[in-house]
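Visitor: could you look at this predicted model? Sequence included:
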Amino acid sequence: MIQFVSKFSFLFVIFLAAWSSTAIAQNACFTENEAAQIIRTIKNPSKVKKDKQLKRELLRMQEKRESLNREAFEDIKNAELIVARSNQENRKNLIRVCGILKETGWLRKEIVGDDGVDAMLFIIRNSDELEIQEQLFPVLAEAAKAGFISKANLAPPLDKKRIAERGKQIFGTQIRVRDEIGYLYPLENKANVDRWRKSYDLPRLAEFIKLIEMDYRTIVVSMPLPPQLTSKKSVLPISKTNDAANLGLTENDDEILSIESGLVNLNLRVLNKDLLGTRGLDLKKEDFLVYENGELQNIGFFSTTDTPFDLVLLLDLSGSTREKQYLIAESAASFIQLARPGDRIAIVAFTDRISIVSEFSSDKQKLYEKVRKIDDYGTSRVWDALEFTYEKLLSKQDPGRRSAVVFMTDGVDNSLMQNRARQRAGSYFYSSRPSQITFTDLLETVRKNETTLFSIYLDTENGYSGTYASPKSYRQARRGLEFLAEESGGQFYRAAQLEDLNGIYERIINDLSEVYSVGYESKNEDRDGSWRAVNVKVKGRADLTVKSKSGYYAR
């Protein structure tokens, strides 16, 4: 019977080491002959006795590593030192595991129990010693074949090896942590990843990421492009043994990416050094430089638009913003007042419930009345609310209309305020629903849409005495709102009181009113679904900043 890895231990596979510090083992794990001997103990298991002392040793190793992992997430100032300690500790533990396997043969549950075996596998999975993992892999593969362990234990070393060789992982087990943010390494094929994970006894990728968000109170961001390596030389030789087809994984013909038009369209806002709009510059096509993945492109289409737009006011009414609801209502009224004839505004309000207060309308009086009636209280499904806005309102837009979202929130989603231990304690607050969508998938929604997002962070950290959110949760919330705004070509603002918003209403409306539209045919004709980073500059004007979406997927 297959021994499934416990969710708790397996889902803490976090690639904490920075890429440039990827370790090469100083000591070999064992020779090919020694590996063959261990494999024989898997194929022909003999009677064994329990070893409680060995079990306790393995559990202590796991506990210490998990503690260091959590400490690194919580202590941003000393994270680098803690990660170094953690990797050094696990290097020592991994060498010890190699020694145990040479002495004892394969560790079965009859020797150290299920939790002892899980602890051993945790130590192996969480190591960045790639050479040792490669030596261990045939042993793990044989143990999985014999049904002693789940195939899930094979996925992390395979992903680490692929990242070392070519920069993309198959199963999505590897996440790089920097400044408290988790960065998911690029995936070989996102459309197939869940089917491939299932074939290796892994939960859906979104479930894996959601558990990380909740247990570490962190946002996880996908890296569309592989990280730049410090050396072009592979850490390990490229091997056909880890290609998808050779792992028993197949493509799904129903999920092949469709080919769309090669024309890339960008809506550009031009700001000065104070990040204020620059109306009246009268910029021409030849004033702009457009780069895709660093390569200069030829602009084929250019226009200056002053067309009406659709604006969604997305308002956070959760308990943490209760003392800011006057600010929220006044701000919403100010945006309605400044709307031009032809502009349309919709209003969405949310707590743990999400509701459309008003569909798109240009009737200011009706919009004012809707705003005055807004009143709710509850916990925060921040990320679901933004996803809801894209799905229920922005997806139904009239073709040709530009759109934007003004997102007024403290940004602290339920996912950042709870963990499973506290949920099990039965607290009302921690039993509230986290967002169903992960921040990773929400950011992908923003990347794939043309809507510009303006995040207005309502600073509630010091004003809401009943909050369960930690200082880290607020830091994560601010970073998340900054990510969303940046990826869409929008902007992040911070407000603690009404006066902090002076001028912001006019600035956003003016920025949306005058937009430069640019189109170009990419010099890269491949439509392979890859992410293309886009950067736009104004020629000879270092004092000007151009805001646009950060890139696109070439489909």
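Guide: Great, that's in hand.
Visitor: check which residues of the one helix or strand Asn93 maps to are buried.
Guide: Element membership for Asn93 (DSSP states H and E) is helix 79-104. Applying a neighbour-count criterion of 16 or more other Cβ atoms under 10 Å, one finds 79, 82-84, 86-87, 89-91, 93-95, 97-98, 100-101, 104 buried in helix 79-104. Placement of C-beta: from N, CA and C, glycine included.
Visitor: list the contacts of the helix or strand immediately after that helix in the chain.
Guide: Note on helix 79-104: by DSSP H and E, the next helix or strand toward the C-terminus is helix 109-125. With contact meaning Cβ atoms under 8 Å, 6 or more residues apart in numbering, helix 109-125 is reached by 3, 5-6, 9-10, 12-13, 48-51, 54-55, 58-59, 61-62, 65-66, 90, 93-94, 97, 100, 104, 107-108, 133, 136, 140, 148-149, 153, 156-157.
Visitor: buried members of these into PyMOL, please.
Guide: Typed into PyMOL, the next command selects the buried ones out of the contacts of helix 109-125 (criterion: 16+ other Cβ under 10 Å):
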select buried, resi 3+5+9+10+12+13+51+54+55+58+59+61+62+65+66+90+93+94+97+100+104+107+108+133+136+140+148+149+153+156+157
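Visitor: please name the bridge partners of the spatially most central residue of the chain.
Guide: With distances taken as Cα atoms, centre = their mean, the residue of the chain nearest its centroid is Val221 (2.1 Å). Here Val221 sits in beta bridges with Tyr183, going by DSSP bridges.
Visitor: any idea of the pLDDT on it?
Guide: At Val221, the model reports a pLDDT of 95.
Visitor: in helices only, show me the contacts of helix 109-125.
Guide: Counting by DSSP state H, the part of these found in helices is 9-10, 54-55, 58-59, 61-62, 65-66, 90, 93-94, 97, 100, 104, 133, 136, 140, 156-157.
Visitor: quick one: contacts for Leu484?
Guide: Leu484 sits next to 386, 407, 442-443, 446, 453, 455, 490 when contact means Cβ under 8 Å, 6+ apart.
Visitor: against Leu121, how distant is the nearest residue to Phe171 once chain neighbours are set aside?
Guide: Leaving aside its sequence neighbours, Phe171 sits nearest to Ala155 (Cβ to Cβ, 6 or more residues apart in numbering; 4.1 Å). Counting by Cβ to Cβ, to the nearest Å, the separation of Ala155 from Leu121 is 12 Å.
Visitor: any shared contact partners between those two?
Guide: Contacts common to Ala155 and Leu121, judged by Cβ under 8 Å, 6+ apart, are absent.
Visitor: which residue ranges of the stretch 351-500 of the chain form helices?
Guide: For the stretch 351-500 of the chain, the helices defined by DSSP state H, counting those that start in this stretch cover 364-372, 382-392, 420-424, 439-448, 471-488.
Visitor: how about JSON lines for those helices, with distance to Tyr505 and mean pLDDT added?
Guide: Below are the helices of the stretch 351-500 of the chain laid out as JSON lines (distance: least, Cβ to Cβ, whole Å; pLDDT from 0 to 100):
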{"stretch": "helix 364-372", "distance to Tyr505": "14", "mean pLDDT": "93"}
{"stretch": "helix 382-392", "distance to Tyr505": "19", "mean pLDDT": "97"}
{"stretch": "helix 420-424", "distance to Tyr505": "39", "mean pLDDT": "48"}
{"stretch": "helix 439-448", "distance to Tyr505": "22", "mean pLDDT": "95"}
{"stretch": "helix 471-488", "distance to Tyr505": "16", "mean pLDDT": "92"}
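Visitor: would you turn the ones you listed into CSV with distance to Arg555?
Guide: Shown next, in CSV, are these (distance: least, Cβ to Cβ, whole Å):
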stretch, distance to Arg555
helix 364-372, 37
helix 382-392, 18
helix 420-424, 37
helix 439-448, 10
helix 471-488, 18
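Visitor: between those, which gets nearest to Glu286?
Guide: helix 471-488 (26.6 Å; Cβ to Cβ).
Visitor: just the CA coordinates of that closest one, formatted as PDB?
Guide: Output of helix 471-488 as PDB, limited to C-alpha atoms (Å, rounded to 0.1, in the frame of the first residue of the first chain):
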ATOM      1  CA  PRO A 471       2.500  43.600  10.900                       C
ATOM      2  CA  LYS A 472       3.800  41.000   8.400                       C
ATOM      3  CA  SER A 473       0.200  40.700   7.000                       C
ATOM      4  CA  TYR A 474       0.100  44.400   6.400                       C
ATOM      5  CA  ARG A 475       3.500  44.400   4.700                       C
ATOM      6  CA  GLN A 476       2.300  41.600   2.500                       C
ATOM      7  CA  ALA A 477      -0.900  43.400   1.700                       C
ATOM      8  CA  ARG A 478       1.000  46.600   0.600                       C
ATOM      9  CA  ARG A 479       3.400  44.600  -1.500                       C
ATOM     10  CA  GLY A 480       0.400  42.700  -3.100                       C
ATOM     11  CA  LEU A 481      -1.400  46.000  -4.000                       C
ATOM     12  CA  GLU A 482       1.900  47.400  -5.500                       C
ATOM     13  CA  PHE A 483       2.300  44.200  -7.600                       C
ATOM     14  CA  LEU A 484      -1.200  44.400  -9.000                       C
ATOM     15  CA  ALA A 485      -0.900  48.100  -9.900                       C
ATOM     16  CA  GLU A 486       2.500  47.800 -11.400                       C
ATOM     17  CA  GLU A 487       1.700  44.800 -13.600                       C
ATOM     18  CA  SER A 488      -1.400  46.600 -15.000                       C
END
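Visitor: so which bits of that helix are buried?
Guide: Buried residues in helix 471-488, counted by 16+ other Cβ under 10 Å: 472-488.
Visitor: so that helix versus helix 439-448, what angle?
Guide: Going by axes from the mean of the first three to the mean of the last three Cα atoms, to 10 degrees, helix 471-488 is angled at 20 degrees with respect to helix 439-448.
Visitor: related to what we said a few turns ago, which helices and strands sit right next to the helix holding Asn93?
Guide: helix 32-43, helix 52-74, helix 109-125, helix 130-145 (3 or more Cβ pairs under 8 Å, 6 or more residues apart in numbering; DSSP states H and E).
Visitor: perfect, that will be all.
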